[in-house]
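K.L.:
Show me the folded form of this:
(one chain, ligands or ions: 1)
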Amino acid sequence: MHVKNLVVGAGYAGATIARRLAEEKNESVLVVEKHDHIAGHAHDRYDANGVLIHEYGPHIFHTTDKAVWDFLSRFTEWHHYQHRVLSYVDGMLVPLPISADTVNQLYNLDLSAEEVESWLASKAEKVPEIRNSEDVVVSKAGRDIYEKFFKQYTYKQWELYPDQLSPDVIKRIPVRSNRDTRYFTDRYQALPKQGYTEMFRRMLDHPRIQVLLHADWFDLKKEIRFDRMFFTGPVDRYFDYREGHIRYRSVHFEYETLYGREFFQPVGTVNYPNDYDFTRITEYKHLTGQKLTDRTTIAREYSSAEGEPFYIVPSAPNLTLARRYADLAAVERNTTFVGRLAESRYYNMDQVVARVLGLSL
Ligand code: UDP
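P.N.:
Got it, this is the predicted structure:
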């Protein structure tokens, strides 16, 4: 079999590139996807109790990039939603990211935003150079906050302490002195009204796009020839692990449906940095806005080295290895590597779309 364009993976990278090729270049595209569903790790579905869940963990779409927002808005209406996260610390549920409210609640204070700013400055440690994720927090909020909110959560998530991880990891979570308790502050924040999978279905619904599910490229390699390939899977597997295995983290979910109650917890996600073995609990109805008064489904997340890759571990040796693969990828003929696993980047959903919209076809 010979195809003009082969896209490996039907997640954000694959679906966006397929749509662009079909629409802007009028070219035919074959998308092969090893799972039995589209939408990659943004895939959502109704569980046996009729509750809409995200199969691979909570996905809250947020962006400041209007081009990305406009592109996706062609394929979905939106359920506008501002995510809020509480962290279970010292037996209290306090807002995360750190904000004036977090400081006031945790330390039983009644400070204004300006006073919180000075309070944080008085706790902050002088760090001459920010070299890792520990430096990021202690230089802004001091050691007590670092230890209560970040140190053990990070260990649960990565099996590494923050001092062994690139600063970018914890930079994802700002330290604020104001009273904004939202998890994200991007201008556009929402979930697709009919779900992520439906948004992807529409994106891929084009006469020049064909999607093959249950089709692992590594099993089909010998059977499909192409002029051009866009590969969105793990880069180390593509190169047959010739430089070694990149370290990834996977997540296992423990679901529970509770009956006779509308909600389990006050917000979409509660983080557990110091207690239990799970990192966080997400209650999907908060995110999706689904109206069900008599039941709710929650998911506890357990991070693990085993299982399908979700995250690349952003430690120095692992990033060095990833760069070696990136060098190989850069000279691979007729093949473009895009997305979290193919580029070993901790992309958010919108960043993947932005990356693909920026490709010259
Ligand atoms: N993090 C933490 N404590 C928290 C939340 C996050 O230490 O309560 C750190 C942790 O290292 C985590 C990183 O910040 O991996 C990024 O968190 P984010 O919520 O962005 O992770 P994601 O939703 O991508 O898993």
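K.L.:
which residues in the stretch 51-200 of the chain form strands?
P.N.:
52-54, 61-63, 78-80, 85-89, 92-96, 188-192 (DSSP state E, counting those that start in this stretch).
K.L.:
Note down every partner strand of the last one and its orientation.
P.N.:
Strand 188-192 has the following sheet partners, assigned by DSSP bridges: strand 61-63 (antiparallel), strand 78-80 (antiparallel).
K.L.:
So which residues on the chain come close to the ligand?
P.N.:
Proximity of the chain to the ligand is confined to 87, 96, 149-150, 153-154, 157, 169-170, 172-173, 271, 273 under the rule CB under 6 Å from any ligand atom. Where you see a C-beta, it was placed from the backbone N, CA and C, and this is true even at glycine.
K.L.:
Drop anything exposed from those.
P.N.:
Buried members of the residues of the chain next to the ligand, counted by 16 or more other CB atoms under 10 Å: Ser87, Leu96, Phe149, Phe150, Tyr153, Thr154, Gln157, Val169, Ile170, Ile173, Asn271, Pro273.
K.L.:
Take those and write them to CSV, including pLDDT and distance to Leu212.
P.N.:
Below are these laid out as CSV (pLDDT from 0 to 100; distance: CB to CB, whole Å):
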residue, pLDDT, distance to Leu212
Ser87, 98, 43
Leu96, 98, 41
Phe149, 98, 44
Phe150, 98, 43
Tyr153, 98, 39
Thr154, 98, 39
Gln157, 98, 34
Val169, 97, 35
Ile170, 97, 39
Ile173, 97, 39
Asn271, 98, 38
Pro273, 98, 42
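K.L.:
Out of these, list just those in helices.
P.N.:
Of these, the ones assigned to helices by DSSP state H are Tyr153, Thr154, Gln157, Val169, Ile170.
K.L.:
Compute the first-to-last residue distance for stretch 54-72.
P.N.:
End-to-end distance of stretch 54-72 (CA to CA, to the nearest Å): 18 Å.
K.L.:
Pick out the residue in the stretch 201-350 of the chain sitting closest to the ligand.
P.N.:
In the stretch 201-350 of the chain, the residue that lies nearest the ligand is Asn271 (3.8 Å; CB to the nearest ligand atom).
K.L.:
one step back: out of the strands of the stretch 51-200 of the chain, flag the one nearest Arg249.
P.N.:
strand 52-54 (17.1 Å; CB to CB).
K.L.:
How far off centre is that closest one?
P.N.:
15 Å (CA atoms, centre = their mean, to the nearest Å).
K.L.:
again, but for stretch 246-261
P.N.:
15 Å.
K.L.:
I'd like the numbering to begin with 58 instead of 1 from here.
P.N.:
Taking 58 as the first residue, the last one we looked at is stretch 303-318.
K.L.:
got the buried residues for that stretch?
P.N.:
Buried residues in stretch 303-318, counted by 16+ other CB under 10 Å: Ile303, Arg304, Tyr305, Arg306, Val308, Phe310.
K.L.:
Quick check, the fourth one in contact with Trp215.
P.N.:
What it means is Arg306. Yes: contact criterion CB atoms under 8 Å: Arg306 and Trp215 qualify, at 6.3 Å.
K.L.:
shared neighbours of these two, anything?
P.N.:
Each of Ser360, Val370 lies in contact with both Arg306 and Trp215 under the rule CB atoms under 8 Å, 6 or more residues apart in numbering.
K.L.:
Helices of the stretch 158-307 of the chain, start to end?
P.N.:
Secondary structure of the stretch 158-307 of the chain (DSSP state H, counting those that start in this stretch): helices located at 170-180, 190-198, 200-202, 209-215, 224-228, 253-261, 274-277, 292-295.
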